[in-house]
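Enquirer: Okay, sequence plus prediction incoming.
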Amino acid sequence: MTSQLEAKKPSLTDIEKEMLKLPQVECSVIHRFGPGLYIRELHMPADTLAIGHYQRFEHMNIFLKGRITMLNEDKNVELTAPMIFTAPPGQKMGYVHEDIVWLNVYPTDEKDVETLEKTYLDKDENWKHADKLDRLQRGQMFLDTEDYQKLLTEFGIDEDTARTQSENLEDQIDMPIGNYKFLVSKSGIEGKGVFASSGITPGEEIGPARINGKRTPLGRYTNHSISSNAKMIEVGKDIYLVAKKNISGCYGGFAGEEITTDYRKNLKLIGVEKCQQ
């Protein structure tokens, strides 16, 4: 009888599949980069039941704030910040009693968050196939794509030329060392886009888009939108991306709102004018 009951115990994958059907809470992630170091800073609110992605390697953890009970098959363990410890590979589930701030620390020179997540985390099929786009978002993406074609015509730029310039590696540099609230990932507007991983407020600096005349990933991958939520501004000889509106961050482990700009204003900022009609 005992063996039959044990066989029916749900796995973390089964639990995650059911949890993904429920409303998700905001779990902000800030990406911090230092010399040879990447720190993934996670914020989770109290009264949250959370399942993490599978950590592929042993790594250092810094539990800065809060209290959480880790739910294990053999024994539940309550953790109270502050703590520093090394965790083995694996997937964990926990109930958050008090708002937490948790840091995963990885030794690496890589600065692309999408590459880092593929390196250190295994995301199961439940999560990969969960569709978080609603019809309103899909409709907006269609309008953005349509308006992009219009602006190319307005400025006399053909699509092949625009794509060639976008993919010009000689015009690109890595993000500098710093702290960022975004990641680059697949976009419904076009190719890859920039997505908020933590909430961003109006007027907040998102990061440098162009440094010494070269584009950062933020400058290359920020897509156009007819109702953009960010804008490019000049800071000395460089160009930075700044939020115009509140931009929502990660919910339930999914990337937050896509960060977009108005390409018409961007082109004017670098001295490109519309064609004469």
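Expert: Sure, I can see it.

Enquirer: Check the offset of stretch 111-123 from the chain's centre.
Expert: Offset of stretch 111-123 from its chain centre (C-alpha atoms, centre = their mean, to the nearest Å): 11 Å.

Enquirer: backbone phi and psi for Val184, please?
Expert: When read as degrees, to the nearest 10, the backbone of Val184 gives phi -100, psi 130.

Enquirer: which residues touch it?
Expert: By C-beta atoms under 8 Å, 6 or more residues apart in numbering, the contact list for Val184 reads Asp112, Val113, Glu114, Lys192, Gly193, Val194, Phe195, Pro217, Tyr221. The C-beta positions use only the backbone N, C-alpha and C, and glycine is treated the same way.

Enquirer: Just list the residues touching the fourth one, thanks.
Expert: Lys192 makes contact with Val184, Ser185, Lys186, Tyr221, according to C-beta under 8 Å, 6+ apart.

Enquirer: The same query, at a cut-off of 6 Å, please.
Expert: For Lys192, the contacting residues are Val184, Tyr221, by C-beta atoms under 6 Å, 6 or more residues apart in numbering.

Enquirer: That one pairs with what?
Expert: Residues in a beta bridge with Lys192, per DSSP bridges, are Lys186.

Enquirer: separation between it and Met141?
Expert: 14 Å (C-beta to C-beta, to the nearest Å).

Enquirer: which intervals of the chain have sub-threshold pLDDT?
Expert: When residues are selected by pLDDT under 70, those of the chain lie in 1-9, 126-139, 273, 275-277.

Enquirer: hey, which helix is longest across it?
Expert: helix 135-154 (DSSP state H).

Enquirer: what's that one in contact with?
Expert: Gly188, Ile189, His224, Ser225, Ile226, Tyr263, Arg264, Lys274.

Enquirer: what do you get for stretch 69-83?
Expert: Phe63, Leu64, Lys65, Gly66, Arg67, Ile68, Lys92, Met93, Gly94, Tyr95.

Enquirer: mind listing what's buried in the helix or strand hosting the last one?
Expert: Read that as Tyr95. Taking DSSP states H and E as the criterion, Tyr95 maps to strand 93-107. For strand 93-107, burial by neighbour count (16 or more other C-beta atoms under 10 Å) applies to Met93, Gly94, Tyr95, Val96, His97, Ile100, Val101, Trp102, Leu103, Asn104, Val105, Tyr106.

Enquirer: ok, those residues vs Asp158, which is closest?
Expert: Using C-beta to C-beta, Tyr106 comes nearest to Asp158 of the buried residues of strand 93-107, at 42.4 Å.

Enquirer: Could I get the contacting residues of the closest one?
Expert: Counting by C-beta under 6 Å, 6+ apart, Tyr106 makes contact with Tyr38, His59, Tyr120.

Enquirer: Mind checking which of these land in helices?
Expert: Per DSSP H, the subset of those in helices is Tyr120.

Enquirer: thinking again about what came up before, make JSON lines out of the contacts of stretch 69-83 and add distance to Met19.
Expert: As requested, the contacts of stretch 69-83 are arranged in JSON lines below (distance: C-beta to C-beta, whole Å):
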{"residue": "Phe63", "distance to Met19": "22"}
{"residue": "Leu64", "distance to Met19": "25"}
{"residue": "Lys65", "distance to Met19": "24"}
{"residue": "Gly66", "distance to Met19": "20"}
{"residue": "Arg67", "distance to Met19": "21"}
{"residue": "Ile68", "distance to Met19": "16"}
{"residue": "Lys92", "distance to Met19": "14"}
{"residue": "Met93", "distance to Met19": "9"}
{"residue": "Gly94", "distance to Met19": "13"}
{"residue": "Tyr95", "distance to Met19": "12"}
